[in-house]
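Asks: After the sequence you'll find the predicted model.
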Amino acid sequence: MPVSKAAPSMKKPQEASISITGLAKRFEKSPLYQNFSLEIPGGQITCIFGPNGCGKSTLLNMIAGLIPLDSGQVRFGGRALKDIKIGYVFQNYRDALFPWLRAIDNIKYPLSSTGVSSRQCRLRAEELIHQFDVGFDLNRYPYELSGGQQQLVSIMRSLATKPKILFLDEPFSALDYESTLSIRDKLQDVFISTGVTIVMVSHDLEEAVYLADNIVLLTKRPTQIAEVITFNAGRPRTPNILSDPEFVRLKAYSLDVFRREANRS
Ligand SMILES: Nc1ncnc2c1ncn2[C@@H]1O[C@H](COP(=O)(O)OP(=O)(O)O)[C@@H](O)[C@H]1O
Ligand SMILES: [Mg+2]
């Protein structure tokens, strides 16, 4: 089945694009990545999908500078990581928030901890509360919030500094369906209003196609790119798109590629 190739972003200059070249990484015995290269366009949503243990989290962590590469290079519109603001949302929201801080102070933390005035922190928090249309009490502590509320707080915190790139590692994998749908659409709204580059690992192919401009399908280890699939539907995408013929076609095609790769010995 023909698949359109990744189109360059028309929305934004490529300042928040990501170029990964010649990446290698191994843990103990077997290589995870060997001479791995990937271009992630700026100002778009890119979802990464692949078999369990193929290295999706490791890839995100290496791009975001949380763990070192063995060799290779990651550049952001030609610049180094230190020259670009990023946000990161972890898979496990239970461990991600500071339990001793109220939700609102968790959200402000990336600003307050770097000396931003309390007035500026408050204004930015108010902006985020408005943007995410938060309907629960942010003066509560994380343990007093539901999983969906905690993950929403994590996402708001990751956006506090107005990052150019937002990384999310399976952000909805531990959430109930209702929370997932609601937070997913809020995330899409933030993307539409800010144009932040989003790189998200997803464990759900339907979700990946629903959200993404580009779906990166990975192979089993040593991990390579099986295919990059582009979905150009306009935004906001709503659940109506689930029955759109192009959506259905790309989801089925992605599943075929995934199955083929998962069964490869
Ligand atoms: N710190 C580590 N030490 C040793 N092995 C690791 C470490 N982190 C990840 N791995 C291994 O690397 C592989 C990829 O892990 P991960 O990136 O978490 O996969 P995914 O997110 O795709 O499920 C797995 O086999 C995992 O066991
Ligand atoms: Mg993972």
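Replies: That came through fine. Numbering: from 1, shown residues only. Ligands and ions are numbered 1, 2, ... in the order given.

Asks: does any bit of whatever helix or strand T58 lives in sit next to ligand 1?
Replies: If you go by DSSP states H and E, T58 is part of helix 56-63. Yes: counting by CB under 6 Å from any ligand atom, ligand 1 is contacted by helix 56-63 at 56-58. The way it works is simple: take the backbone N, C-alpha and C, and place the C-beta from them, glycine included.

Asks: which secondary structure elements does that helix contact?
Replies: If you count contacts as 3 or more CB pairs under 8 Å, 6 or more residues apart in numbering; DSSP states H and E, helix 56-63 packs onto strand 18-26, strand 31-40, strand 45-49, strand 165-169, strand 197-201.

Asks: what does the third one contact?
Replies: For strand 45-49, the external contacting residues (CB atoms under 8 Å, 6 or more residues apart in numbering) are 40, 56, 59-60, 188, 191, 197-203, 205, 207-209, 211-218, 254, 258.

Asks: what angle do that strand and strand 197-201 make?
Replies: With axes from the mean of the first three to the mean of the last three CA atoms, to 10 degrees applied, the angle from strand 45-49 to strand 197-201 works out at 20 degrees.

Asks: Strand 45-49: partners in the sheet, and parallel or antiparallel?
Replies: Next to strand 45-49 in the sheet, as set by DSSP bridges, lie strand 197-201 (parallel), strand 214-218 (parallel).

Asks: what's the closest of the helices and strands packed on helix 56-63 to ligand 1?
Replies: For those, the distance to ligand 1 is smallest for strand 31-40, at 5.2 Å, taking CB to the nearest ligand atom.

Asks: Partner strands of that closest one and their direction?
Replies: strand 18-26 (antiparallel).

Asks: Go through the partner strand and flag the buried ones.
Replies: 18, 20, 23, 25 (16 or more other CB atoms under 10 Å).

Asks: Quick one: list the elements packing against the next helix-or-strand element following the helix holding T58.
Replies: Moving toward the C-terminus from helix 56-63, the next helix or strand (DSSP H and E) is strand 71-76. On a contact count with 3+ CB pairs under 8 Å, 6+ apart, strand 71-76 meets strand 18-26, strand 31-40.

Asks: Relative to L242, which of the ones you listed is closest?
Replies: L242 sits nearest to strand 31-40 of all these, at 25.3 Å, using CB to CB.
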